[in-house]
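> Starting from these lines, generate the structure:
(chains A and B)
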Amino acid sequence: GENVEQHPSTLSVQEGDSAVIKCTYSDSASNYFPWYKQELGKRPQLIIDIRSNVGEKKDQRIAVTLNKTAKHFSLHITETQPEDSAVYFCAAVGLGGSYIPTFGRGTSLIVHP
Amino acid sequence: EPEVTQTPSHQVTQMGQEVILRCVPISNHLYFYWYRQILGQKVEFLVSFYNNEISEKSEIFDDQFSVERPDGSNFTLKIRSTKLEDSAMYFCASSVSKLGTGELFFGEGSRLTVL
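Prediction:
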């Protein structure tokens, strides 16, 4: 089945710095890659997603890149703020006709003011 | 903004007891899911439900687990005889369409502790 690896497990940055979280997937049939943010004690929420027909997508301070050949995708957050502190999960969807996302382990991002 | 709601937020139970976790998906959503997350580990898929039947399930979802949509609004996960390793955060989610075409909306989770 699909396997999604996510790194790092913890990322600590200073306010204003950039943060990058990387994920790799194993199944070349995956074609949809959402990212979810989970603040402490709250539900995971979709923050950005990318489909396999594009290489990059940006939404204000958040961007996601996809390299289909290498089977990896990354989340980039620029000008980080303390409210960006949360656990971020990547996922890959589209395994062999299934639409069930396989999630990464999560990255705990801590932004120090 | 509509939300997926889950109850209870935390349940403590003795090994071997039955547990029912409840979820109310967003009202116009058609696909429902249960995921679990053991502390420090991945969010794992358990089961998806569509048109009043299970559409997919993982290896984790064995005979000890069952799901039901008893009344058109609630979506429940039952664990018949809990084991210590069932201790985890259980997330319910719903989507208006099959993933890949629509966003997955999560509830806030039900933390299950099996003693």
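
> looking at the sheet around A:H76, what are its partners?
Note on A:H76: beta-bridge partners A:V20, A:A63, judged by DSSP bridges.

> Go ahead and confirm it touches A:Q60.
No. If you go by C-beta atoms under 8 Å, A:H76 and A:Q60 don't touch, sitting 11.6 Å apart. To be clear about C-beta, it is placed using only N, CA and C from the backbone, and glycine gets the same treatment.

> now the strands: where do they sit in the chain?
Chain wasn't specified; assuming chain A. For chain A, the strands defined by DSSP state E cover A:4-7, A:10-14, A:19-25, A:32-38, A:45-51, A:56-59, A:62-67, A:72-77, A:86-92, A:102-103, A:107-112.

> my question was about chain B
Under DSSP E, chain B gives strands at B:5-7, B:10-13, B:19-24, B:31-37, B:43-50, B:53-57, B:65-68, B:75-79, B:88-95, B:105-106, B:110-114.

> burial of residue 22, as a residue count?
Because you didn't say which chain, this covers chain A. Other residues within reach of A:K22, judged by other C-beta atoms under 10 Å in any protein chain shown, total 17.

> was after chain B, sorry
17.

> which ones are touching it?
The neighbourhood of B:R22, defined by C-beta atoms under 8 Å, 6 or more residues apart in numbering or on different chains, consists of B:6-8, B:74-76.

> What residues does chain A have near chain B?
A:4, A:31-32, A:34, A:36, A:41-46, A:49, A:89, A:93-94, A:98-106 (C-beta under 8 Å from any C-beta of the partner chain).

> OK, contacts around A:Q14?
A:80, A:111-112.

> Bridge partners for it, pull those for me.
Listed by DSSP bridges, the beta-bridge partners for A:Q14 are A:H112.

> and the gap between it and A:I77?
13 Å (C-beta to C-beta, to the nearest Å).

> State the pLDDT value of the nearest residue to B:R36 once chain neighbours are set aside.
Spatial nearest neighbour of B:R36, chain neighbours left out: B:A88 (4.4 Å); criterion: C-beta to C-beta, 6 or more residues apart in numbering or on different chains. At B:A88, the pLDDT value in this model is 96.

> What of A:W35?
Per the predicted model, pLDDT is 96 at A:W35.

> again with A:N53
83.

> same deal with B:P70?
At B:P70, the pLDDT recorded in the model is 85.

> give me the low-pLDDT residue ranges for chain B?
Scanning chain B for pLDDT under 70 picks out B:99-102.

> ok now do the residue nearest to B:R36, which residues does it touch?
Neighbours of B:A88 in contact, by C-beta under 8 Å, 6+ apart: B:36-39, B:111-112.

> same check, this time on B:L77
B:20-21, B:23, B:34, B:46-47, B:65-67, B:90, B:92.

> Reformat those as CSV; add neighbour count.
Formatted as CSV, the contacts of B:L77 follow (neighbours: other C-beta atoms under 10 Å in any protein chain shown):
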residue, neighbour count
B:I20, 14
B:L21, 24
B:C23, 25
B:W34, 27
B:L46, 22
B:V47, 20
B:F65, 18
B:S66, 14
B:V67, 22
B:Y90, 22
B:C92, 28
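
> Which of the strands of chain A comes out lowest on mean pLDDT?
Among these, strand A:102-103 scores lowest, at a mean of 88.

> do you know how far B:E1 is from chain A?
Distance, B:E1 to chain A, using C-beta to the nearest C-beta, to the nearest Å: 11 Å.

> Please work out how many residues are found near that residue.
Residues near B:E1, counting by other C-beta under 10 Å: 4.

> so who does the nearest residue to A:I77 once chain neighbours are set aside touch?
Spatial nearest neighbour of A:I77, chain neighbours left out: A:A19 (4.5 Å); criterion: C-beta to C-beta, 6+ apart. For A:A19, the contact set (C-beta under 8 Å, 6+ apart) comprises A:11, A:13, A:76-77, A:80, A:84, A:109, A:111.
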